[in-house]
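In: Here is the input, now give the coordinates:
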Amino acid sequence: MRALRAGKDVTQKDMAQALGVSAAYLSALEHGNRGRPGPGLIMQISEYFGLIWDQVDDLKRLAHLSHPRVTVDTSGLSPTATELANELAACVHELDEATLQWILDEIRAQKASAQKENRGRGPAH
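Out: Numbers count the residues shown, from 1 in each chain. The predicted structure follows:
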């Protein structure tokens, strides 16, 4: 939202008033201090900025990922998966942006590779 506001030169106060929420709430959302916004607010924001379909989809995806408190359930997974989840929880606040981006890129690459492999198998008979 911050990038959208900056691109349109809109203040939090003006946007909050137009959306019927407080500027403090928008600030908390932008700083990751509030839970993810509901679908109604996402649509209001999309309309406010005149977003097109792919931009709305991006905003929905980012909103879904924006919850500041995450629970990782590793029950039934390997001990390595549990160790990874615990290590990340313990040190994520110490990692710089480049390291965080590298981790995300590695996970996304692995996910894309697995999806590509699954598509290549075709339907099961």
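In: What about Ser46, how many residues nearby?
Out: By other CB atoms under 10 Å, 18 other residues sit near Ser46. Heads up, the C-betas are built off the backbone N, CA and C, glycines and all.
In: for Asp73, same thing?
Out: The local packing of Asp73 (other CB under 10 Å) involves 8 other residues.
In: what about it, distance to Thr82?
Out: Asp73 is 10 Å from Thr82, where distance means CB to CB, to the nearest Å.
In: Could you pull up the mean pLDDT of the longest helix along the chain?
Out: Counting by DSSP state H, the longest helix found in the chain is helix 97-121. Per-region confidence: helix 97-121 scores 90 on mean pLDDT.
In: Residues touching that helix, excluding its own?
Out: Val92, Leu95 (CB atoms under 8 Å, 6 or more residues apart in numbering).
In: per-domain residue ranges of the protein.
Out: 2-65, 79-121 (automatic domain parsing).
In: Pick the most buried one from those.
Out: Of those, the one with the most neighbours on average (mean count of other CB atoms under 10 Å) is domain 2-65, at a mean of 14.
In: same question for that domain, mean pLDDT?
Out: 88.
In: got the end-to-end distance for it?
Out: Taking CA to CA, to the nearest Å, domain 2-65 runs 16 Å from one end to the other.
In: Which parts of the protein are helices?
Out: 2-8, 12-19, 23-30, 39-49, 53-65, 79-91, 97-121.
In: what's next to the first one, contact-wise?
Out: Spelled out, it's helix 2-8. By CB under 8 Å, 6+ apart, helix 2-8 touches Val10, Thr11, Gln12, Met15, Glu30, Ile45, Phe49.
In: what do you get if the cut-off is 10 Å, keeping everything else the same?
Out: 10-12, 14-15, 26-27, 29-31, 45-46, 48-51, 55, 59 (CB atoms under 10 Å, 6 or more residues apart in numbering).
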